[in-house]
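**Student:** structure for this input, please:
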Amino acid sequence: MDLYNLTTVTQFILIGLSDLPEVRYPLFVAFLVIYQITLVGNGAILLAITIEPKLHTPMYFLLANLSLLDIFCPSATVPKMLRNLLTEDHSISFVGCALQLYFLVALAGTEVFLLAVMAYDRYVAICFPLRYTLIMTQVRCVQLLTGTWTAGFLNSLLHTMTTFSLSFCKSNRVDQYYCDIPPVVALSCSSTYMAEMLVLVVGGILGISAFLVTLISYTYIISTILKIRSAEGKRKAFSTCASHLTVVCLFYGTTIFTYIRPSSSKHSPARDRLVSMLYGVITPMLNPIIYSLRNTEVKGALRRLLFSKRFAAPT
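**Tutor:** Numbering: from 1, shown residues only. Prediction:
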């Protein structure tokens with residue numbers, strides 16, 4: 001009988017952002033607009049990089065992959081959240097929850113590694129400008145990107161299998177608007193030590209390694225920029241990495257709060273949902289805005305794309 005009870009959970013209930021009926025529809029409209037801005041903004045950057053020959057460089061190839069991640073990541077959670085805001089059915093199947101968690105963690109992990117690769121690319125460009133084309137070749141760029149996506153999805157597979165091999169016989173109410181490791185593990189009635197240690201150890205080692213690559217790269221970048229004598233030279237050098245540095249701060253600030261802590265620590269579920277919203281919904285919307293405002297080449301390509309579409313003569 002005990003073994004049967006350990007497998008009775010066949011679906012989960014997503015709590016959502018708010019239980020107040022009066023704010024459901026305003027939240028639906030707000031997040032629908034944010035999601036559309038995210039898709040249009042990142043889609044525009046992808047299109048601009050694709051059709052603009054001047055942007056066919058490793059730096060923008062990496063940026064295109066970041067835009068892909070910023071489209072996929074909210075797409076794993078926002079459509080379900082929007083449906084839940086419109087209906088009273090907040091359920092998600094056991095398999096559906098596992099798939100949502102798998103893709104979310106895989107995409108987040110891939111972004112961690114991608115930001116490190118982008119930092120390394122800026123390090124080579126600023127510290128070794130004459131050797132940049134020899135080091136960051138097309139083959140090297142493809143190898144680095146293949147490694148980031150593979151590492152992200154394999155890491156997620158490990159965490160997903162460990163999380164959903166736990167026994168669930170307590171409440172099936174996930175205290176979040178999507179399935180994620182901490183709120184799902186909190187529902188287990190078996191030992192969660194291994195799942196928590198995997199997040200802290202494996203996730204910590206990979207995350208800290210990627211963070212150190214980013215940190216060391218920017219230490220050398222800043223040191224090199226400070227050695228430039230002309231103010232105009234410093235400004236140009238810094239402008240090439242300012243957008244990426246802003247994105248790194250936004251990403252790490254929210255993900256560290258979300259994952260790098262034990263589930264037993266005192267925390268506010270409402271605050272957790274707010275931070276997760278910033279990480280999973282707001283940041284992907286801000287990234288294309290940050291890059292289009294700070295990067296003159298992207299801004300120019302988007303402007304040419306916009307005006308060519310607007311003034312193109314009908315055939």
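
**Student:** for the stretch 51-200 of the chain, which spans come out with low pLDDT?
**Tutor:** Within the stretch 51-200 of the chain, no range satisfies pLDDT under 70.

**Student:** how far away is the closest residue to residue 149 other than its chain neighbours from residue 158?
**Tutor:** For residue 149, ignoring the flanking residues on the chain, the nearest one in space by CB to CB, 6 or more residues apart in numbering is residue 110 at 5.4 Å. Heads up, the C-betas are built off the backbone N, CA and C, glycines and all. To residue 158, residue 110 is 14 Å away according to CB to CB, to the nearest Å.

**Student:** just the helices in the chain please.
**Tutor:** Assigned by DSSP state H, the chain shows helices spanning 2-5, 24-51, 58-75, 78-86, 94-127, 132-135, 138-164, 181-185, 193-197, 203-227, 231-259, 269-277, 283-294, 296-311.

**Student:** which of the ones you listed sits closest to residue 170?
**Tutor:** Judged by CB to CB, the one of the helices of the chain that comes nearest to residue 170 is helix 2-5, at 10.1 Å.

**Student:** how many other residues sit next to residue 141?
**Tutor:** 18 (other CB atoms under 10 Å).

**Student:** again with residue 295
**Tutor:** There are 22 residues near residue 295, going by other CB under 10 Å.

**Student:** contacts only, for it.
**Tutor:** By CB atoms under 8 Å, 6 or more residues apart in numbering, the contact list for residue 295 reads 239, 243.

**Student:** state the distance from it to residue 137.
**Tutor:** Separation of residue 295 from residue 137 (CB to CB): 23 Å.

**Student:** among the helices of the chain, which comes closest to residue 16?
**Tutor:** helix 78-86 (5.3 Å).

**Student:** show me what that closest one packs onto, helices and strands only.
**Tutor:** Applying 3 or more CB pairs under 8 Å, 6 or more residues apart in numbering; DSSP states H and E, we find helix 78-86 packed against strand 11-14, helix 24-51.

**Student:** most tightly packed of those?
**Tutor:** Neighbour counts (mean count of other CB atoms under 10 Å) averaged over each of the helices and strands packed on helix 78-86 peak at strand 11-14, with a mean of 18.

**Student:** what lines up beside that strand in the sheet?
**Tutor:** When pairing is defined by DSSP bridges, strand 11-14 lines up against strand 91-93 (antiparallel), strand 173-174 (parallel).

**Student:** what sits up against it?
**Tutor:** Taking contacts as CB under 8 Å, 6+ apart, the residues outside strand 11-14 that touch it are 80-81, 84, 90-94, 97, 172-174, 176-179, 184, 187.
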